[in-house]
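**Q** Curious how this folds, go ahead:
(3 chains, ligands or ions: 21)
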Amino acid sequence: AEEVKTEVIKPHLGLNQEPIPLKVERVGENEVNVEMTAQITDIEIDKGEMYKAWTFNGEVPGPLVVVEEGDVINFTMKNMDPAIPHSMDFHAVRTSPSKNFTNVEPDETGTFTYPADNPGVFMYHCGTAPILSHIANGMHGVIIVKPKDGYPTDDQIDKEFVMIQNEWYNYNDLEDFTNGSPKHVVFSTKALKEDDRNTNGDTFTLKDEPLLAKEGDRVRIYINNVGPNEVSSFHVVGTMFDYVYEDGNPNNVLEGMQTIMLPASGGAVVEFEVVEEGSYPIVTHQFNHVQKGASAILKVTKD
Amino acid sequence: AEEVKTEVIKPHLGLNQEPIPLKVERVGENEVNVEMTAQITDIEIDKGEMYKAWTFNGEVPGPLVVVEEGDVINFTMKNMDPAIPHSMDFHAVRTSPSKNFTNVEPDETGTFTYPADNPGVFMYHCGTAPILSHIANGMHGVIIVKPKDGYPTDDQIDKEFVMIQNEWYNYNDLEDFTNGSPKHVVFSTKALKEDDRNTNGDTFTLKDEPLLAKEGDRVRIYINNVGPNEVSSFHVVGTMFDYVYEDGNPNNVLEGMQTIMLPASGGAVVEFEVVEEGSYPIVTHQFNHVQKGASAILKVTKD
Amino acid sequence: AEEVKTEVIKPHLGLNQEPIPLKVERVGENEVNVEMTAQITDIEIDKGEMYKAWTFNGEVPGPLVVVEEGDVINFTMKNMDPAIPHSMDFHAVRTSPSKNFTNVEPDETGTFTYPADNPGVFMYHCGTAPILSHIANGMHGVIIVKPKDGYPTDDQIDKEFVMIQNEWYNYNDLEDFTNGSPKHVVFSTKALKEDDRNTNGDTFTLKDEPLLAKEGDRVRIYINNVGPNEVSSFHVVGTMFDYVYEDGNPNNVLEGMQTIMLPASGGAVVEFEVVEEGSYPIVTHQFNHVQKGASAILKVTKD
Ligand SMILES: [Cu+2]
Ligand SMILES: [Cu+2]
Ligand SMILES: [Cu+2]
Ligand SMILES: [Cu+2]
Ligand SMILES: [Cu+2]
Ligand SMILES: [Cu+2]
Ligand code: NA
Ligand code: NA
Ligand code: NA
Ligand code: NA
Ligand code: NA
Ligand code: NA
Ligand SMILES: [Zn+2]
Ligand SMILES: [Zn+2]
Ligand SMILES: [Zn+2]
Ligand SMILES: [Zn+2]
Ligand SMILES: [Zn+2]
Ligand SMILES: [Zn+2]
Ligand SMILES: [Zn+2]
Ligand SMILES: [Zn+2]
Ligand SMILES: [Zn+2]
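**A** Ligands and ions are numbered 1, 2, ... in the order given. This next block holds a predicted model:
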């Protein structure tokens, strides 16, 4: 774990706000309240290497949000950052950015309402200028909009995971964010159901404590590459994707893919079988990024 | 606006040829004459930063060419550059490159004939060696071949734009073109109809003077990423693409996409609604490129 | 041809193992034996510039493997490298990586069995850690799994080629592999039938001795971008792809594409006509890579 050059902004010095659970509450058949924080929280991005991240709810990527196709989202952001404004841009919704993706000032709370009427695996992120700094410092995550009629392959699936690819650069260094190369490229997993795991984007957790499946399982991964800068060549070693739904839309089907191209902020649902016990590495096949951290292990056991 | 290192080639010193309008003339039911120039023209790529560009018709990207599927194109290039040959490679046509994408010498005129029998949003560019220098110095643009039977969504569209993404590097620096990173990544828009705007690829015009639409409009953008080096993750903030036609072919449909991956020289037709008034940023979601200029504003007004 | 910084590992000094032909033997209706070597062989990557490559069978990319959809592959690797272990990861198969993509020690032979039940144009590569070093030093190639029912366009095809895009970096320099830019980006072709050519990935061979077709031919290229790091914007000058099968699966069809985006390790089958005699350059339209070598010529003659 290398030395980190920190340029923590003054009011963040010594600040390490405890993670706060996401609140999602269904308040109508097609209406959900989602409540998140913007906060400053230390994240271990590489063994022994801490990053005083700008976060949603103290996680990087932020917590997974799941809603249903057709839901109206009442979104509340509590900005606990004492120093700078933050905001929320959900790729899942249609709304006026200048009205509903606007800044919430330090120590204030903002509420915004918009519909999520298209299914998919969408990126969300802080949209406060300079956006690159807010994303690269940690303010990104995924919102899944579940398709009303499901995916055609729903009843084949034994095991589901959410995974996110993101990059880390020199600490809060807009020059490096803009002109540098990523220092680390990492995967994380986020909880879909109560007992699922919820990890930060780091170089080691999903290697030391793999994702788990059983021999013969048909596995689905909801994946998004939140960037901020790089594209992803998403691949699982030892298998291939029987079905890919690009950006998670049930109508965008690809079959028998070895690798799926994800633009920056692109998502997909990928499905595959793991036919034998063993360790299946999950990577971006841009192998310089694997060298910088971008692999996870899916461990398949007999039973 | 930073200092610019210029290595203008000698015969271009002090040369600034006035933009000359594109000539397109229909001469038969399925035959068009297209006449363009190669010329040296100063382009303001960033506020106060001029680039003595190698251009088609004095614009960078060059003027939009629109033909119909099935047209034969009689293409004439007048090379007004006093120093070096130029040429034209239309991705829209099928022809022998060594016969019809060949050099036109300084102060000469060349004519070439070829069919455009596939619909789409195609790149064109100078193909003179070293091609990278000719593209990076400004010799690129878009030719749209309109599908004979239209797009299935044609009658839903209220507003259409053409947009192009391109990069700028250190002036006429093949070493930087080859091994450097883009200094600016920019968008431009080109006129589809008489009163449409026609801008150069710069960091500011489409921010200072946004594209315009009305609340509730269904908007179509014909987009191409002419590079020369980078891929694009094309995205519009506050909405999503209901329909994407990859490379602009009506048969290549994707639905409900947050972001569309464009290879270098890749095109698409994307369609989306803007449901409320406000400002909708258009970006490549590779945010280091946004930091270098790659955003435009679509301003949506009530009426 | 520039000076090369070599850091040949000690036991490879002076070693230059003669290429050894691939062995493929059908031993049952749905069973093939495939035998390959891992070996150290000098490859001329640029004119006069030798690279003491880590190879499969003394070629870079390794020899083309062709099997039928539904085949079981009995794969044998003879590791002739005196110094380090190597292994084989076929993207075409479903198997446990920790059981069947495992290391074969120096001077040992390993045998592995797995099914290839999905059609496509798949990458294979050494999977020994650090994988980036093994791929970047030369241990990559393509395995085609022929679709049981063919491609819908099979009977239109006059001429077929296999092409591979790969990158070269500073010799055996994991730091450069990880953080550098490619020094050369190159294409090669591999033999599909007995009299086809078989070239290494270099900057010159497919320019000096073009691929050959006849006027009016409908050409198919099986392409894979083996990386290790870069994506590809695959394009043929003077024509367009009437049909693209993404990753080579007959069900993933795109039509009328000017350029096809290939992720790292992504494949495709592309088909196009060459209507007139002449020279048709084949490129990745990321033109900095063309400048580094990534073009080939398809020469079309009258008869
Ligand atoms: Cu923020
Ligand atoms: Cu692989
Ligand atoms: Cu030119
Ligand atoms: Cu966004
Ligand atoms: Cu190896
Ligand atoms: Cu081109
Ligand atoms: Na695999
Ligand atoms: Na695609
Ligand atoms: Na780059
Ligand atoms: Na959006
Ligand atoms: Na790169
Ligand atoms: Na072409
Ligand atoms: Zn580190
Ligand atoms: Zn923020
Ligand atoms: Zn199966
Ligand atoms: Zn500037
Ligand atoms: Zn030129
Ligand atoms: Zn609508
Ligand atoms: Zn060289
Ligand atoms: Zn190896
Ligand atoms: Zn034809």
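
**Q** Which residue would be the closest one in chain A to ligand 16?
**A** Across chain A, no residue is closer to ligand 16 than A:Thr178, which sits at 12.6 Å (CB to the ion). (Each C-beta comes from the backbone N, C-alpha and C, glycine too.)

**Q** element containing that residue, please.
**A** A:Thr178 is part of helix A:174-179 when elements are defined by DSSP states H and E.

**Q** Can you point out the buried residues in that helix?
**A** Going by neighbour count (16 or more other CB atoms under 10 Å in any protein chain shown), the buried part of helix A:174-179 is A:174, A:176-178.

**Q** quick one: contacts for A:Lys292?
**A** Neighbouring residues of A:Lys292 by CB atoms under 8 Å, 6 or more residues apart in numbering or on different chains: A:182-185, A:203, C:178.

**Q** Quick one: distance of the longest strand seen in chain A to the chain centre.
**A** Criterion DSSP state E: the longest strand present in chain A is strand A:31-46. Relative to the chain's own centre, strand A:31-46 is displaced by 11 Å; criterion: CA atoms, centre = their mean, to the nearest Å.

**Q** and that strand, anywhere near ligand 13?
**A** Yes - residues of strand A:31-46 contacting ligand 13 under CB under 5 Å from the ion: A:Asp46.

**Q** average pLDDT for the next helix or strand after that strand?
**A** Sequence order places strand A:49-56 as the next helix or strand after strand A:31-46, per DSSP H and E. For strand A:49-56, the mean pLDDT works out to 98.

**Q** Then stretch A:195-206?
**A** For stretch A:195-206, the mean confidence score works out to 97.

**Q** Pull out the buried residues from that stretch.
**A** Those would be A:198-206, for stretch A:195-206 by 16+ other CB under 10 Å.

**Q** Closest to ligand 5 out of those residues?
**A** Comparing these against ligand 5 with CB to the ion places A:Thr203 closest, at 23.2 Å.

**Q** Now that closest one. Nearest residue, chain neighbours left out?
**A** Distances taken as CB to CB, 6 or more residues apart in numbering or on different chains place A:Gly293 nearest to A:Thr203, at 3.5 Å, with adjacent residues excluded.

**Q** neighbours around that neighbour, how many?
**A** Using other CB atoms under 10 Å in any protein chain shown, A:Gly293 has 23 other residues around it.

**Q** again with A:Thr111
**A** For A:Thr111, the tally of surrounding residues (other CB under 10 Å) stands at 12.

**Q** Could you tell me the angle between the longest strand of chain A and strand A:49-56?
**A** Orientation note: strand A:31-46 sits at an angle of 170 degrees relative to strand A:49-56 (axes from the mean of the first three to the mean of the last three CA atoms, to 10 degrees).

**Q** If you count contacts, what does strand A:31-46 end up packed against?
**A** strand A:23-28, strand A:49-56, strand A:65-68, strand A:71-79, strand A:184-190 (3 or more CB pairs under 8 Å, 6 or more residues apart in numbering or on different chains; DSSP states H and E).

**Q** and ligand 10, which of these is closest to it?
**A** strand A:71-79 (14.0 Å).

**Q** and the closest one, which strands flank it?
**A** strand A:31-46 (parallel), strand A:109-116 (antiparallel) (DSSP bridges).

**Q** So for ligand 7, which of those strands sits nearest?
**A** Per CB to the ion, nearest to ligand 7 of the strands paired with strand A:71-79: strand A:31-46, 26.2 Å.
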